[in-house]
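Asker: Sequence first, then the predicted structure, then my questions.
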Amino acid sequence: MGIARYFMFNTVYLHKTVFGFEEVVRRIILLLLQGRDTIYRSGSEIEKMAVTDDFLDFHDGYIDRFIDRYAGQNNDEPLTILSKAVRLRRPPKLIHEVVELYDSQRSHPSREYELCRKCMERDLEEIADRCDIHKECLIWRETKDVEFEALNPFTSISRAPDMKDEEMRELVRIKESSGDITNLIEDKKSIIHYLSQLTLKVIRLYAVEGNASKLEKLKTEVQKCL
């Protein structure tokens, strides 16, 4: 079951298209917060709204209305470009990706991974200028260290003693011939034991841009940076 959940996470939750659209919507919300639109900008504003009738309109359609409005505009502004991508179901282009599965207790991400992160942090705005792409339409994201549910193979051995009772009850156990019962993740004869020590990290760069020549130039510039 644990291995199945790992593949579920890797192929569904971190699927490049799903992940990309989520980041585009995240960027849209950020631009809305930075703009002049009437959008709730803090938890306190949402708390005040929650005791009024306006709360009835605070659902998935709240952000959809902003996306629809900007998607219907005819200009080259980043918010319009991003909104059209969502409304027209045009997934962002995955420009570069580095995936690491490593033992976080004994090693660090590879040099390739670290170079990619530095490039995204330091040079992406200049790269956008050279490629004539709005910097807001270049979206990079480093996933947090993947934290799976307690009962799957990526529960670390060091965390097991501190787990809640309900989590411990869900861990897979094995019974030895001696009658002793141990957790599967602690059995050194099990692949689960070794998988539990690994950390999954992903870093991706997306572009919301329809011009093929600009995208090719972008890929070249990113490779130079790496």
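Answerer: Looks like it came in fine. Numbering: from 1, shown residues only.
Asker: pretty sure Glu23 is in contact with Ala207, am I right?
Answerer: No - using CB atoms under 8 Å, Glu23 is not in contact with Ala207, being 11.3 Å away. No exception for glycine: its C-beta is placed from N, CA and C like everyone else's.
Asker: Who has more neighbours out of those two?
Answerer: More neighbours surround Ala207 than the other of Glu23 and Ala207, with 25 against 17 (other CB atoms under 10 Å).
Asker: what number of residues lie near the residue nearest to that one when sequence neighbours are not counted?
Answerer: Closest residue in space to Ala207, ignoring its immediate chain neighbours: Lys93 at 4.9 Å, by CB to CB, 6 or more residues apart in numbering. Lys93: 17 surrounding residues under other CB under 10 Å.
Asker: try Gln34
Answerer: With other CB under 10 Å as criterion, Gln34 counts 11.
Asker: tell me the pLDDT at it?
Answerer: Per-residue pLDDT puts Gln34 at 92.
Asker: again, but for Lys224
Answerer: 95.
Asker: Next: Ile127.
Answerer: 97.
Asker: and it, that's in a helix?
Answerer: Yes - counting by DSSP: H, G, I helix; E, B strand; the rest coil, Ile127 is located in a helix.
Asker: Secondary structure element for the closest residue to it other than its chain neighbours, which one?
Answerer: Nearest residue to Ile127 in three dimensions, chain neighbours excluded: Glu221, at 4.7 Å (CB to CB, 6+ apart). Using DSSP states H and E, Glu221 sits in helix 212-225.
Asker: Alpha carbons only: can I get that helix in PDB?
Answerer: C-alpha atoms of helix 212-225 as PDB (Å, rounded to 0.1, in the frame of the first residue of the first chain):
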ATOM      1  CA  ALA A 212       7.400  28.700 -29.900                       C
ATOM      2  CA  SER A 213      10.600  30.700 -30.800                       C
ATOM      3  CA  LYS A 214      10.500  32.400 -27.500                       C
ATOM      4  CA  LEU A 215      10.100  29.100 -25.700                       C
ATOM      5  CA  GLU A 216      13.100  27.600 -27.500                       C
ATOM      6  CA  LYS A 217      15.200  30.600 -26.700                       C
ATOM      7  CA  LEU A 218      14.100  30.300 -23.100                       C
ATOM      8  CA  LYS A 219      15.200  26.700 -22.900                       C
ATOM      9  CA  THR A 220      18.600  27.700 -24.400                       C
ATOM     10  CA  GLU A 221      19.100  30.500 -21.900                       C
ATOM     11  CA  VAL A 222      18.200  28.300 -18.900                       C
ATOM     12  CA  GLN A 223      20.700  25.600 -20.100                       C
ATOM     13  CA  LYS A 224      23.400  28.300 -20.200                       C
ATOM     14  CA  CYS A 225      22.500  29.300 -16.700                       C
END
